[in-house]
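Peer 1: the sequence and its predicted three-dimensional model are supplied below.
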2 protein chains.
Amino acid sequence: MLAEIITIGDEILIGQIVDTNSAWMAKQLNLIGMKVKQITSVSDDADHIIEALQEAEKRADVILITGGLGPTKDDITKVTLAKYFNMGFRRDEETLQHVTEIFERFNRPMIDLNRKQADVPDRCTVIKNKNGTAPCMWFEEHGKIFVSMPGVPFEMMYLMDDEIIPRIKAAFKLPVIYHKTILTSNIGESFLAVQIEEIEDALPAHIKLAYLPRLGQVRLRLSTSGTDEALLQKEVEVYAQQIIAKVKPYVVAEEDITLEKAILNFMEERKLTLSTAESCTGGYIAHLITQHPGCSSVYEGGAVTYSYELKMSVLGVQQETLAKYGAVSEETVREMALGAIKHFKTDYSVAVSGIAGPDGGLPGKPVGTVWIAVAHAKGVVSKVFSFGNKRAQNIERSASAALSMILNELQQHED
Amino acid sequence: MLAEIITIGDEILIGQIVDTNSAWMAKQLNLIGMKVKQITSVSDDADHIIEALQEAEKRADVILITGGLGPTKDDITKVTLAKYFNMGFRRDEETLQHVTEIFERFNRPMIDLNRKQADVPDRCTVIKNKNGTAPCMWFEEHGKIFVSMPGVPFEMMYLMDDEIIPRIKAAFKLPVIYHKTILTSNIGESFLAVQIEEIEDALPAHIKLAYLPRLGQVRLRLSTSGTDEALLQKEVEVYAQQIIAKVKPYVVAEEDITLEKAILNFMEERKLTLSTAESCTGGYIAHLITQHPGCSSVYEGGAVTYSYELKMSVLGVQQETLAKYGAVSEETVREMALGAIKHFKTDYSVAVSGIAGPDGGLPGKPVGTVWIAVAHAKGVVSKVFSFGNKRAQNIERSASAALSMILNELQQHED
């Protein structure tokens, strides 16, 4: 069984927003054994939407559509679907009542545009969107299932979790899709490939190996599908363990987790605590860590010290150090890391200070120069990096390098 | 002239990664007057890639392809393109030298897989990828332009900026695409629509209005294209100013910027400073702010106080307050905000404390309960929110609500 995702909205095609919905939906579909064949983003244009629907229904059994369901004139998904399926409209009383309640709750007057949200194509099944006024619509036409959902991520997510996923599970007898991911660090993908070449060549045709490199890490993913989950898992695990044994020194995690989650797991097992002292990464490392539920057993907190003053008052960096070496220096970043250990009373700390750009380069310190230090009971290590002049990437690459350094220190100094 | 973007990789279709490349590429293409007709994500499957190429070349003049260029066996974009265009392979000596240099620089042995990266389809033009080993390939076939780039974002971005965008500009006489965005806050899209209905109905056919709602904000975007940029801008500006005059109290910015950027601009003009004190948002607000170049003239820094201890030691929250009311309480969040003002010496501060979830709910404080306070010289305001049980959304919605509160206070208390 195959699904396709169609996201509708000019804002995606002009790059005003990143389509994060599709990845989230694809993940949920995979979990229930439904493969996603294609993801297509099209503009708010009726002909183009119809073309995308035609192509999708040739390839897939379920077509999930997000976007274009607002009350305003630029949103045309609903009328386009009605046209595509040759349907008239009916007013859905339950939706009307739900929209009315929302407006009453916020004490706002309801207008015709809002009432029109309750008008739906004739033969669709309406699914209540408890977080918004645009109803979700389920069509069974042309021998396929089409689901139209709002593009607002949290409205779509609740609908998928509570309504769509259970209904798809009930509608099909789905296979099990099994993925096993091994996270490696400090080795390039081609070197990994050579080391595990024999294992890769011996893989049966129904098990696929993928290499996913990103910022100094490579994810190895073994994928297969079938009917018996236990059997699939057992079979894949045999090859996974062969790979792990072969490249052991580089393996960070035997599951599909991020580097910071691997750190949290490692530290939680050993009852170690962590703090952060960030300048150019501006809270991004703290954010990566605190995305993970349960991080509070390891992560105590940290500081974002953008100014000299906060570097001194919060972290205890010496004024002379800043004056003599500047904020972006080995001396400062080491004092930041040691200050975090001292003031935040944690076992480990990480500190980052750099020039994120696009401007602000100094003689001998071009934009992209980043100092990172990791401190712990046995000492402090520091390293300088050069990440180019793109701000967003500097922040991301600095964070990734900082996390790698923490993990290295943990692996060297803790059992 | 139309472009299409094809992103290749199973990792996108199983939701293991979010495709951020496409939005970035679409934005760059728009800036030079090239509209993106469709974005398509397909798996590492030769037949499916070929189908996507066939469909794309029917609709577009330029087809930009990312992904699937790694040295390992799962990456098949290069051989599939050669097959599609019916080409053999040649070894590109410049690429080989470049790859060799990279390996020498990192002092790593080069293996056959790496050398193979220099093998390219016969009739393509090779464009040097200075940040990686996979070359960029430019094809002029079937009367269209096809460009294959690596999927690693920073490799793709440098290639687009330095090579692809200039070459596309040189290859076509492109129109100007002009967008004008107005950011509004605290008003729903249907109410906006009613207020500006007459203006919307009077828009000429070549100017399109879109409503982009997100987390309590609505962006209004006027779009058009033509040849004379000054003229387009002048024409759109007339309608934009009519809209702005009509919904003035809700207008946050007259350009396509984020809420935090609007805050930074507002505060910078008035020489005001800002600090953050975050618990459940875990550095995310700091991260949003510090994404913006030049933020350091307003933003001094802040604290991520996950633990009780840091709330006390860094922000000066009273132990009794925490003991009596708990960390997620009006009393605590107000002390956090006031503590930030005092310890970080800024004009404004924002503090957030909540239960991000998915677990950790307390009697009377379900998961998703979030207290936010904004402090400044004239006082402190606080508000409670209820954001449901999805951690990532709680963090995002808390940050958005916090930013809205800062802006409200600024608008009320500063001229």
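Peer 2: Received, thanks.
Peer 1: all strands of the stretch 201-350 of chain A, in order?
Peer 2: According to DSSP state E, counting those that start in this stretch, the stretch 201-350 of chain A carries its strands in the segments A:208-214, A:217-226, A:251-253, A:274-278, A:299-305, A:348-354.
Peer 1: and the third one, what's its mean pLDDT?
Peer 2: Confidence over strand A:251-253, taken as the mean pLDDT, stands at 93.
Peer 1: coming back round to it: dump the strands of the stretch 201-350 of chain A into TSV; add distance to chain B as well.
Peer 2: C-beta coordinates here come from the backbone N, C-alpha and C atoms, glycine included. TSV is the format used below for the strands of the stretch 201-350 of chain A (distance: least, CB to the nearest CB, whole Å):
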stretch	distance to chain B
strand A:208-214	4
strand A:217-226	7
strand A:251-253	14
strand A:274-278	7
strand A:299-305	4
strand A:348-354	12
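Peer 1: nearest to B:Gly33, out of those?
Peer 2: Evaluated over the strands of the stretch 201-350 of chain A, closeness to B:Gly33 peaks at strand A:208-214, with 32.2 Å, by CB to CB.
Peer 1: just checking, what packs against that closest one?
Peer 2: Strand A:208-214 sits against helix A:189-195, strand A:217-226, helix B:10-13, with contacts defined as 3 or more CB pairs under 8 Å, 6 or more residues apart in numbering or on different chains; DSSP states H and E.
Peer 1: adjacent strands (with direction) for it?
Peer 2: In the sheet, strand A:208-214 lines up against strand A:217-226 (antiparallel) (DSSP bridges).
Peer 1: avg pLDDT for the partner strand?
Peer 2: 93.
Peer 1: that one: how far from the chain's middle?
Peer 2: 17 Å (CA atoms, centre = their mean, to the nearest Å).
Peer 1: got a list of what the closest residue to A:Gly361 other than its chain neighbours touches?
Peer 2: Once flanking residues are discounted, A:Gly361 sits nearest to A:Val367: 4.2 Å by CB to CB, 6 or more residues apart in numbering or on different chains. By CB atoms under 8 Å, 6 or more residues apart in numbering or on different chains, the contact set of A:Val367 is A:Ile355, A:Ala356, A:Gly357, A:Pro358, A:Asp359, A:Gly360, A:Gly361, A:Gly388, A:Asn389, A:Asn394.
Peer 1: please repeat the previous calculation with a cut-off of 6 Å.
Peer 2: A:Ile355, A:Gly357, A:Gly361, A:Asn389 (CB atoms under 6 Å, 6 or more residues apart in numbering or on different chains).
Peer 1: which PyMOL command selects the buried ones in these?
Peer 2: A single PyMOL command selects the buried members of the contacts of A:Val367 (16 or more other CB atoms under 10 Å in any protein chain shown):
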select buried, chain A and resi 355+357+389
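Peer 1: out of the contacts of A:Val367, which are inside strands?
Peer 2: If you go by DSSP state E, the contacts of A:Val367 have nothing in strands.
Peer 1: TSV for the contacts of A:Val367, including distance to B:Ile127 and pLDDT?
Peer 2: Output for the contacts of A:Val367, formatted as TSV (distance: CB to CB, whole Å; pLDDT from 0 to 100):
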residue	distance to B:Ile127	pLDDT
A:Ile355	29	96
A:Gly357	24	89
A:Gly361	27	90
A:Asn389	20	81
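Peer 1: return the most buried member of the helices and strands packed on strand A:208-214.
Peer 2: helix B:10-13 (a mean of 26; mean count of other CB atoms under 10 Å in any protein chain shown).
Peer 1: how about the residues of the stretch 101-250 of chain A by chain B?
Peer 2: A:Ile111, A:Leu113, A:Asn114, A:Phe154, A:Glu189, A:Ser190, A:Ala193, A:Val194, A:Ala210, A:Tyr211, A:Leu212 (CB under 6 Å from any CB of the partner chain).
Peer 1: now the residue nearest to A:Gly361: how far from B:Pro204?
Peer 2: Distance of A:Val367 to B:Pro204, computed by CB to CB, to the nearest Å: 44 Å.
Peer 1: can you check A:Gln16 too?
Peer 2: 22 Å.
Peer 1: helix, strand or coil for A:Tyr178?
Peer 2: Under DSSP: H, G, I helix; E, B strand; the rest coil, the three-state class of A:Tyr178 is strand.
Peer 1: now the one 5 residues further on
Peer 2: When the structure is reduced to helix, strand and coil (three-state DSSP), A:Leu183 reads as strand.
Peer 1: what's the neighbour count on it?
Peer 2: For A:Leu183, the count of nearby residues is 22 (other CB atoms under 10 Å in any protein chain shown).
Peer 1: so it sits against A:Val251, correct?
Peer 2: No: using CB atoms under 6 Å as the test, A:Leu183 is too far from A:Val251 to be in contact (7.3 Å).
Peer 1: just to revisit the earlier point, wait, which of the helices and strands packed on strand A:208-214 is closest to A:Leu259?
Peer 2: Taking those one by one with CB to CB, strand A:217-226 is closest: 6.3 Å.
Peer 1: ok and that closest one relative to strand A:176-185, angle-wise?
Peer 2: 170 degrees (axes from the mean of the first three to the mean of the last three CA atoms, to 10 degrees).
Peer 1: name the nearest residue to A:Lys345, ignoring sequence neighbours.
Peer 2: A:Lys345 sits nearest to B:Glu309 (CB to CB, 6+ apart), 6.9 Å away.
Peer 1: count residues in the vicinity of A:Val374, would you?
Peer 2: 26.
Peer 1: scratch that, A:Asp256
Peer 2: So A:Asp256, with other CB under 10 Å, has 16 neighbours.
Peer 1: what's near enough to touch it?
Peer 2: A:Thr181.
Peer 1: gap between it and A:Leu29?
Peer 2: From A:Asp256 to A:Leu29 the distance is 16 Å (CB to CB).
Peer 1: which one is A:Lys83 nearest to, not counting chain neighbours?
Peer 2: Nearest to A:Lys83 is A:Ala46, by CB to CB, 6+ apart, at 6.9 Å.
Peer 1: rewinding a little: looking at the strands of the stretch 201-350 of chain A, which is closest to B:Ile127?
Peer 2: Of the strands of the stretch 201-350 of chain A, the one closest to B:Ile127 (CB to CB) turns out to be strand A:208-214, at 20.4 Å.
Peer 1: can you give the contact residues for the closest one?
Peer 2: Against strand A:208-214 from outside (CB under 6 Å, 6+ apart): A:Glu189, A:Glu200, A:Val218, A:Arg219, A:Arg221, A:Leu222, A:Ser223, B:Asp10, B:Glu11, B:Thr72, B:Asp74.
Peer 1: rounded mean pLDDT for that strand, please.
Peer 2: Computed over strand A:208-214, the average pLDDT equals 89.
Peer 1: tell me which of A:Gln16 and B:Pro204 has more neighbours.
Peer 2: A:Gln16 (20 against 8).
Peer 1: give me the element A:Tyr158 is part of.
Peer 2: helix A:153-159 (DSSP states H and E).
Peer 1: repeat that for A:Val147.
Peer 2: Applying DSSP H and E, one finds A:Val147 within strand A:144-149.
Peer 1: partner strands of that strand and their direction?
Peer 2: Counting by DSSP bridges, strand A:144-149 is paired with strand A:62-66 (parallel), strand A:136-141 (antiparallel).
Peer 1: mean confidence for the next helix-or-strand element following the first one?
Peer 2: Right, the one you point to is strand A:62-66. With elements assigned by DSSP H and E, the helix or strand that comes after strand A:62-66 is helix A:77-84. Here helix A:77-84 scores 97 as its mean pLDDT.
Peer 1: buried sites along the helix or strand just after helix A:77-84?
Peer 2: Following helix A:77-84 in sequence order, the next helix or strand is strand A:89-91 (DSSP H and E). For strand A:89-91, the neighbour count (16+ other CB under 10 Å) marks no residue as buried.
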